[in-house]
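J.: Fold the stuff below for me.
(one chain, ligands or ions: 1)
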Amino acid sequence: MKKDHQVETLNELDSALDQLEKQPLPTEAHAVITNLRKQLQRLIKSLEQDEEAERLAALYQVSQSLGVSLNLDEVLTQVMDAVIQLTGAERGFLTLIDPDTNNLNLVAARNIQQENLQRDDMKISRTVTQSVIDSGEGLVTTDAQIDPRFSEQESVIIYALRSIMCAPLRTRGKIIGVVYVDNRARTGIFTKDDLNLLNTFATQAAVAIENAQLYTRTDQALASRVSELETLNQIDRELNAQLDLNHVLEITRQWAVKGTEAAQGWVVIYNDEDSALNLIAGPGGGDAPKLEKGLISNIQEHPASGLIPAKEGKPAYFSAPLSHAGKTIGAIIVAHPQTISVSDQQFLARLAGRAATAVENARLYEAVEFANEAKSQFVSIVTHELRIPLTSIKGYTELIRRGNVGEITDQQAEFLDVIGKNVGRMADLISDLSDISRIERGKIKLVSGFITVQDYILETLSSLRHKLEEKSQSLVTDLPEDPLQAYADPNRVVQVVTNLVSNAWKYTPAGGEITVRAFTKNSHICVEVIDTGIGISEEEQTKLFTQFFRSEAPLVREQSGWGLGLNVTQRLIEIMGGEIGFSSQLDKGSTFWFTLPTTANQE
Ligand code: ADP
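T.: Sure thing, here's the model as predicted:
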């Protein structure tokens with residue numbers, strides 16, 4: 001440093017005067033020299049004090065700027081520039097010890113112009129850095145070329161290193177790296193004071209570096225956790241999008257491969273009957289895991305750590321158990337040419353947790369679907385088998401009732417009427433059940449076309465008119481003159497209108513009024529059946545349209561019915577592409593409405 005040289009020169013002058021003072025000189029001259037020396041020494045002292053103050057001021061200034069940033073690269077560059085500024089070095093290097101491998105990594109290299117150094121400029125003495133790490137003490141050499149500690153070292157000779165100073169970066173008693181400065185051209189650049197300064201600064205720099213390292217590590221860990229959570233969220237959405245078992249298994253398998261960058265992945269599931277493992281997703285052959293050997297025992301014995309290391313040209317396998325309600329139902333298996341890292345194993349474990357629930361749900365859904373299908377098939381067979389004997393009972397009862405096979409008494413006629421009514425009820429039940437089972441099995445056939453809705457409403461009403469008259473109920477129709485064109489199956493429209501008007505008739509006391517309206521609404525045809533009947537309580541309204549629901553109201557119980565009509569009606573409307581709804585007030589009446597599409601593609 002500049003002042004260093006001045007002090008050096010003044011000291012040299014002082015020793016020269018010292019020599020002169022020792023010479024036999026006239027007393028006057030001797031007194032002048034002694035006086036001169038006194039002044040000289042005062043000057044040297046003040047220069048030294050100045051220099052110390054300057055050093056401390058500089059140190060204070062650079063220390064201030066440290067710790068402001070938590071960006072590791074920024075902190076490292078800051079430290080390097082500050083060190084060069086403080087020591088007047090030509091180049092500065094910062095090396096950090098890798099905590100995993102213990103290797104020294106060069107992390108920053110700067111020159112006096114505050115530029116990053118190029119690779120081929122990074123010629124430093126490893127012997128110096130290593131000896132600082134080993135001893136834990138900083139060191140300075142004024143000329144490495146002649147310093148017996150380093151002059152023999154290859155790097156010192158090859159790179160022609162001269163002034164070198166190096167100090168350990170130490171935090172919480174542990175050396176995390178070293179800071180190294182040098183000047184290749186000049187000797188005697190650094191002094192012991194410079195080393196003290198570097199040591200003091202290195203202590204502060206080490207703390208700033210460690211803070212930035214910790215922050216970066218936490219930041220990275222947080223970012224990767226957030227990204228994993230996003231992935232798992234997406235997996236959840238994909239897994240829950242469908243209840244199809246094969247879909248769930250394939251999604252699981254694909255994510256297992258993608259999430260761990262595995263070469264291949266599989267899903268295996270235990271067979272319920274014989275507890276054997278079945279490969280149910282993923283390619284067979286090739287590297288597919290051998291299910292009969294180590295793998296099964298591995299999953300059974302170590303369900304939590306199913307890593308089979310790679311050997312004899314075979315990849316490494318990792319199996320994450322699919323556990324649901326404390327039971328292992330199978331596993332996700334991935335293969336990797338080398339090994340499956342701990343973080344990938346953790347990812348698979350998390351994926352397996354989610355997949356297990358989705359697989360179990362899909363399996364339950366499949367079982368329910370299967371049971372439902374079996375039930376529909378059973379109903380279909382039973383209704384078919386009952387229809388034939390019922391038709392014959394109906395036919396023969398009517399023959400006898402009409403007296404075709406001989407005279408019958410009044411009492412017999414009465415009994416035959418009861419039989420006829422009950423056969424009718426059974427026929428209604430069979431017809432509704434058979435419709436439901438056909439709709440559920442997708443076997444119902446619609447014969448849809450463009451129809452004029454009024455025609456079919458009027459046809460239905462004419463067949464029901466006498467029933468309404470019997471109960472002294474008035475019928476109001478509010479139908480527009482212009483034909484209302486809908487795209488629907490006319491027979492099903494008649495069935496729907498019959499159901500709704502029959503209900504209005506059944507659940508409206510004698511003398512009430514029933515209105516049937518039809519109109520166009522939002523490019524649909526809307527039909528309303530309005531009655532002034534008993535209405536439906538709010539509580540019971542929630543159960544409407546469910547199978548076998550019938551109100552507890554006495555007037556409902558007096559009427560025959562199975563509680564299937566509205567359910568069938570709703571399903572028929574929906575498969576024709578319409579909607580159905582109602583509004584009702586207890587003891588005031590109800591309005592049931594449905595819509596039909598006006599175009600073919602809405603069906
Ligand atoms: P069912 O008429 O054979 O009982 P539905 O499925 O047609 O079967 O109707 C189910 C139940 O809904 C009826 O039992 C009755 O309680 C109620 N309900 C249906 N329509 C009306 C209506 N117009 N007024 C009052 N209650 C009704």
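J.: so for the helix or strand in which residue 197 is found, what's the average pLDDT?
T.: Assigned by DSSP states H and E, residue 197 falls within helix 192-241. Mean per-residue pLDDT for helix 192-241: 84.
J.: After it, which helix or strand is next?
T.: Note on helix 192-241: by DSSP H and E, the next helix or strand toward the C-terminus is helix 245-260.
J.: List the buried residues for that following helix?
T.: For helix 245-260, the neighbour count (16 or more other C-beta atoms under 10 Å) marks 245, 248-249, 251-253, 255-257, 259-260 as buried. C-beta here means a position set from N, CA and C on the backbone, and glycine is covered the same way.
J.: Put together CSV for those, with pLDDT on each row.
T.: CSV is the format used below for the buried residues of helix 245-260 (pLDDT from 0 to 100):
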residue, pLDDT
245, 85
248, 86
249, 87
251, 87
252, 88
253, 89
255, 88
256, 88
257, 90
259, 85
260, 85
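J.: Tell me the bridge partners for the nearest residue to residue 128 once chain neighbours are set aside.
T.: For residue 128, ignoring the flanking residues on the chain, the nearest one in space by C-beta to C-beta, 6 or more residues apart in numbering is residue 166 at 5.1 Å. Going by DSSP bridges, residue 166 is paired in beta bridges with residue 139, residue 180.
J.: Which residue does the stretch 351-500 of the chain have closest to the ligand?
T.: Across the stretch 351-500 of the chain, the shortest distance to the ligand (C-beta to the nearest ligand atom) belongs to residue 499, at 6.0 Å.
J.: what about that residue, which helix or strand?
T.: With DSSP H and E as criterion, residue 499 is part of helix 490-506.
J.: Same question for residue 573.
T.: helix 565-575.
J.: Any idea how many residues pack against the closest residue to residue 565 other than its chain neighbours?
T.: Nearest residue to residue 565 in three dimensions, chain neighbours excluded: residue 499, at 4.5 Å (C-beta to C-beta, 6+ apart). Counted with other C-beta atoms under 10 Å, residues neighbouring residue 499 total 21.
J.: per-residue confidence at residue 499?
T.: Reported pLDDT for residue 499: 95.
J.: any idea how far residue 509 is from it?
T.: 20 Å (C-beta to C-beta, to the nearest Å).
J.: And for residue 342?
T.: Distance, residue 342 to residue 509, using C-beta to C-beta: 77 Å.
J.: Comparing these two, which shows the higher neighbour count?
T.: residue 509 (12 against 9).
J.: Is the more buried one in contact with residue 533, as I believe?
T.: Yes. In this structure, residue 509 is within contact of residue 533 by C-beta atoms under 8 Å, at 6.8 Å.
J.: tell me which residues of stretch 27-43 are tucked away?
T.: In terms of neighbour count (16+ other C-beta under 10 Å), stretch 27-43 has its buried residues at 33, 37.
J.: Contact partners for the closest residue to residue 151 other than its chain neighbours?
T.: Distances taken as C-beta to C-beta, 6+ apart put residue 145 closest to residue 151, at 5.8 Å, once the chain neighbours are dropped. Going by C-beta atoms under 8 Å, 6 or more residues apart in numbering, residue 145 touches 151, 156-157, 160-162, 187.
J.: And those, which is closest to the ligand?
T.: Closest to the ligand out of the contacts of residue 145 is residue 161 (99.1 Å), distances taken as C-beta to the nearest ligand atom.
J.: so the residue of the stretch 1-150 of the chain found nearest the ligand is in which element?
T.: Nearest residue of the stretch 1-150 of the chain to the ligand: residue 70, at 69.7 Å (C-beta to the nearest ligand atom). Under the criterion of DSSP H and E, residue 70 resides outside all helices and strands.
J.: Report the contact partners of the residue of the stretch 351-500 of the chain closest to the ligand.
T.: Shown in contact with residue 499 (C-beta under 8 Å, 6+ apart): 565-566, 568-569.
J.: what does residue 218 give?
T.: Neighbour list for residue 218: empty [criterion: C-beta under 8 Å, 6+ apart].
J.: Give me the phi and psi for residue 562.
T.: phi -120, psi -10 (degrees, to the nearest 10).
J.: Just give the nearest non-adjacent residue to it, would you?
T.: Sequence neighbours aside, residue 429 is the residue nearest to residue 562 in space, at 5.1 Å (criterion: C-beta to C-beta, 6+ apart).
J.: sec struct for the residue of the chain found nearest the ligand, please.
T.: Nearest residue of the chain to the ligand (C-beta to the nearest ligand atom) works out as residue 561 at 2.4 Å. On the three-state scheme (DSSP: H, G, I helix; E, B strand; the rest coil), residue 561 is labelled coil.
J.: tell me the pLDDT at the closest residue to it other than its chain neighbours?
T.: Among residues not flanking residue 561 along the chain, residue 550 sits closest, at 6.3 Å (C-beta to C-beta, 6+ apart). According to the prediction, residue 550 has pLDDT 94.
J.: Counting neighbours, what do you get for residue 550?
T.: Other residues near residue 550 come to 14 when the count uses other C-beta under 10 Å.
J.: again, but for the one 10 residues further on
T.: For residue 560, the number of neighbouring residues by other C-beta under 10 Å comes to 11.
J.: Ok, the one 5 residues further on next?
T.: Residue neighbour count, defined by other C-beta under 10 Å, stands at 19 for residue 565.
J.: OK, contacts around the nearest residue to residue 73 once chain neighbours are set aside?
T.: In this structure, residue 73 finds its nearest non-sequential neighbour in residue 108, 8.0 Å apart by C-beta to C-beta, 6+ apart. Counting by C-beta under 8 Å, 6+ apart, residue 108 touches 73, 76-77, 79-80, 92-94, 116.
J.: Please look at residue 590 and residue 540 and confirm they touch.
T.: No. Between residue 590 and residue 540 there is no contact under C-beta under 8 Å: 11.2 Å.
J.: Which of the two has more residues huddled nearby?
T.: Each of residue 590 and residue 540 has its neighbours counted (other C-beta under 10 Å); residue 590 has more, 24 against 17.
J.: quick one: contacts for the more buried one?
T.: 504, 507, 530-531, 533, 535-536, 582-584.
J.: Now the two most distant members of those.
T.: Distance extremes for the contacts of residue 590: the farthest pair is 507 and 583 at 14.6 Å, using C-beta to C-beta.
J.: Looking at the two now, which is surrounded by more residues?
T.: Using other C-beta under 10 Å, the more surrounded residue of residue 507 and residue 583 is residue 507, with 22 against 14.
J.: just checking, that one touches residue 540?
T.: No. Contact between residue 507 and residue 540 fails when scored by C-beta under 8 Å: they sit 11.8 Å apart.
J.: Residue 476 and residue 516 touch, don't they?
T.: Yes. Between residue 476 and residue 516 there is a contact under C-beta under 8 Å: 7.3 Å.
J.: neighbour-wise, which of these two wins?
T.: Remark: of residue 476 and residue 516, residue 516 carries more neighbours, 21 against 10, as counted by other C-beta under 10 Å.
J.: so which of the contacts of residue 590 also contact the ligand?
T.: 504, 507, 531, 533, 535-536 (C-beta under 6 Å from any ligand atom).
J.: The residues you listed into JSON lines, with extra columns for pLDDT?
T.: Converted to JSON lines, these look like this (pLDDT from 0 to 100):
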{"residue": "504", "pLDDT": "97"}
{"residue": "507", "pLDDT": "96"}
{"residue": "531", "pLDDT": "97"}
{"residue": "533", "pLDDT": "95"}
{"residue": "535", "pLDDT": "96"}
{"residue": "536", "pLDDT": "95"}
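J.: What's the separation between residue 144 and residue 201?
T.: Relative to residue 201, residue 144 is positioned 22 Å away (C-beta to C-beta).
J.: and what of residue 540?
T.: Note on residue 540: its distance to residue 201, by C-beta to C-beta, is 85 Å.
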